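Visitor: Provided below are the primary sequence and the corresponding predicted coordinates.
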Amino acid sequence: MPMSPTVYILKCSDSTFYIGSTNNMEKRLHEHNNLKSGAHYTKIRRPVSIVYSEICETLNEARKREYALKQLSRKEKMELIG
């Protein structure tokens, strides 16, 4: 499976959201759920699951989209997720 720049939203065990971007979604989700290299925010809120993702042209584009998603209110994020 080719790796694509992706921006994603995770839902944590406490129902909060975590937004990130990566070139390898499968590896990054594994890190969030299993390894010390996962983000501290998700490490203490495991397990996490993907509730939204977007494929982007470049990692830079994914990071810009990540920033934009982080600016949304919780209500707007929930509407985006569906």
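Guide: That came through fine.

Visitor: mind checking how far the residue lying closest to residue 37 once chain neighbours are set aside is from residue 67?
Guide: Counting by CB to CB, 6 or more residues apart in numbering, residue 37 lies nearest to residue 31, which is 5.1 Å off, once chain neighbours are set aside. Heads up, the C-betas are built off the backbone N, CA and C, glycines and all. Distance, residue 31 to residue 67, by CB to CB, to the nearest Å: 21 Å.

Visitor: neighbour count for those two, which is higher?
Guide: residue 31 (17 against 12; other CB atoms under 10 Å).

Visitor: surely that one forms part of a strand?
Guide: No. Under DSSP: H, G, I helix; E, B strand; the rest coil, residue 31 falls outside any strand and is assigned helix.

Visitor: my read is that residue 19 contacts residue 6, right?
Guide: No. If you go by CB atoms under 8 Å, residue 19 and residue 6 don't touch, sitting 11.4 Å apart.

Visitor: more neighbours: these two, which one.
Guide: Ranked by neighbour count (other CB under 10 Å), residue 19 and residue 6 place residue 6 first, with 21 against 18.

Visitor: need the per-residue pLDDT for the closest residue to that one other than its chain neighbours.
Guide: In this structure, residue 6 finds its nearest non-sequential neighbour in residue 25, 4.9 Å apart by CB to CB, 6+ apart. If you check residue 25, the pLDDT there is 95.
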